[in-house]
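Visitor: Make a model of this:
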Amino acid sequence: MTDPASLHGLHLHVDGASGAAGDMMLGALIDLGVPVDVIGDALDAIGAGRRRLQVARVVTHGIAAVDVKVDTAGELAGVPSHRHADHGRAHDHSHAPGHGGHTEAAHRHGHGHGAHEHGPGAHEQAHGEPGPGKHDHGHGDHDHGHGDHGHGHAHEDHGHAHGPADRAHVHYAAIRDRIAAAALTPGTRRRALDIFDRIARAEARMHASTVDDVAFHEVGAVDSVVDVVGTAAALDWLGPAAVTCTGVAMGHGTLTCAHGVLPVPAPAALEILRDAGGVMLDGGVARELCTPTGAAILAATVTRWTAAPAGRPVAIGWGAGDAALPDRANALRVIAVDPAPDTAAAPDAPTERVWQIDANLDDMSPELCGPASDAVFAAGALDVWWTPITMKKGRPALMVSALATDRFRGAVAEAILRETTTIGVRFAPRDRLVLARTTREVATPYGPIPVKVAAHGDAVWNAAPEFEACATAARRHGVPVKRVFAAALAAFEVASAAGGFRDVD
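Guide: Reported below is the predicted structural model:
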């Protein structure tokens, strides 16, 4: 069994051949090795409560996967909702039975797991027809054409339809404020807000509305918060170096909602994927395969839409959907990959994994660059540098970059965010070839000078006097720095042959 600690900082590759939904991603990350308590802590912090999360193991087309259900009974603590009649906004996005692929934020009860053959001891929870308040997810009869989280979904509580006046709604602004105020980790909060914002922007654009006017059915809001915040917490715990996805299957055909017949892919999912530069695949199935929440999670998480990198697969997670697909397992797969090191390096040369942290800046005064570099170094960076670049509208700009070990990656990123004008940073793993380094002190006419020495085995490949020591000695003796520098190099050559220096490391 994979040690969960070994999953931190690896590359994640998402296989969306069967589509994507919020509960499927959450299930895949749990199956990958993310502790359920990590997700539960975030759900407690947001006011949803860990009790809502129900985790089971199922088998679909011969593949064992983790199935996630959400108990949607009750309200979100600290998130106001209100009941209102139809005010003319497009709130009802339910689909007629038989359409769609996932049901992650729809309010349709009692569909079960038709897609899954259940093995012995499959469920950690009692399994069967979901009771009142239990929410079905995945590729089932899907109740969201214009976004699983967009607006109120038709409430078919076991066949008892409710009119518009009975619908309780939660506005996106209330959910956003709750996430912003919750005691979440900074990474969890940032990613959860990003995911919800992508959904809300797509909904607002489709309905010629504003982001703050986007409303979630109360049950859909509970379900959405659990899927989104839980997934954000799981990804923050993993801290992936990068996330790739070749493309996500969207499906084709039509779905039926309160607005009539709509084409698949679902309009909101397509809007979200377009904004992120994502890659859509048909998938060969005449139903909705990718929900808006699934699309938003991918849009906020995938760093590059491409094939999986070469490397060693460390862990594999499968997250189950609900409906039976005719030709494949209804599951999302996430692979944790330890990328292959650069084989062009000498096979016996020591290598180490570090992180490169970058940010683009087009609004920062050059006067602030020096103090920012000092602060980033103080936070633990191995190196800091600035690169001139050109950004949008032809603006001259700078990119600040830093190298850091895994231990100091967070502190270095925080220093860049604090000391520069950027609002975000990028992470990428780097394997570097490192020569053995020591510092040796040599005697010169200007006093002792330390020299940095880099060696490969017994061969010294580089030697460089410490500049600050040379500059101090030059000022003291009233000579150019270059003279002290040359004297230190000459002394090193003599001492190296005779063994006349001492290590100062």
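
Visitor: Leaving aside the residues adjacent along the chain, what's closest to residue 38?
Guide: Counting by CB to CB, 6 or more residues apart in numbering, residue 237 is the residue found nearest to residue 38 once chain neighbours are left out, at 4.7 Å. Every C-beta, even on glycine, is put in place using the N, C-alpha and C of the backbone.

Visitor: okay, that neighbour: pLDDT?
Guide: You'll see residue 237 listed with a pLDDT of 95.

Visitor: Contact partners for it?
Guide: By CB atoms under 8 Å, 6 or more residues apart in numbering, the contact list for residue 237 reads 8, 34, 35, 38.

Visitor: check which helix or strand covers it.
Guide: Element membership for residue 237, per DSSP states H and E: helix 218-238.

Visitor: Which SSE is immediately downstream of that helix?
Guide: strand 242-249.

Visitor: Could you point out the helix or strand that follows that next one?
Guide: Later in the chain than strand 242-249, the nearest helix or strand by DSSP H and E is strand 253-257.

Visitor: And that next one, what does it pack against?
Guide: strand 260-264 (3 or more CB pairs under 8 Å, 6 or more residues apart in numbering; DSSP states H and E).

Visitor: So which elements touch the strand it packs on?
Guide: Contact here means 3+ CB pairs under 8 Å, 6+ apart; on that basis strand 260-264 packs against strand 253-257.

Visitor: Against residue 290, how distant is residue 22?
Guide: 11 Å (CB to CB, to the nearest Å).

Visitor: next one: residue 18
Guide: 10 Å.

Visitor: what touches both of the two?
Guide: Shared contacts of residue 18 and residue 290, counting by CB under 8 Å, 6+ apart, come down to residue 249.

Visitor: Of these two, give the one with the bigger neighbour count.
Guide: Neighbours were counted for residue 18 and for residue 290 using other CB atoms under 10 Å; residue 290 has more, 33 against 30.

Visitor: what residue ranges in the stretch 401-505 of the chain score low on pLDDT?
Guide: Residues of the stretch 401-505 of the chain meeting the criterion pLDDT under 70: 499-505.

Visitor: what sits against the residue most central in space within the chain?
Guide: Centroid-nearest residue in the chain, with CA atoms, centre = their mean: residue 301, separated by 3.9 Å. Counting by CB under 8 Å, 6+ apart, residue 301 touches 14, 191, 235, 243.

Visitor: Turn those into JSON lines, including distance to residue 205 and neighbour count.
Guide: Shown next, in JSON lines, are the contacts of residue 301 (distance: CB to CB, whole Å; neighbours: other CB atoms under 10 Å):
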{"residue": "14", "distance to residue 205": "25", "neighbour count": "22"}
{"residue": "191", "distance to residue 205": "22", "neighbour count": "23"}
{"residue": "235", "distance to residue 205": "26", "neighbour count": "23"}
{"residue": "243", "distance to residue 205": "25", "neighbour count": "18"}
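
Visitor: Which one of these is nearest to residue 48?
Guide: Nearest to residue 48 among the contacts of residue 301 is residue 191, at 16.1 Å by CB to CB.

Visitor: In contact with that closest one: list those residues for me.
Guide: 231, 232, 235, 236, 300, 301.

Visitor: Can you tell me the element it falls in?
Guide: helix 186-206.

Visitor: can you list the weak-confidence ranges in this structure?
Guide: 1-2, 77-168, 216-220, 258-259, 341-351, 499-505.

Visitor: ok, 80 please
Guide: For the chain, the stretches with pLDDT under 80 are 1-5, 72-170, 212-213, 215-221, 257-259, 340-352, 456-458, 497-505.
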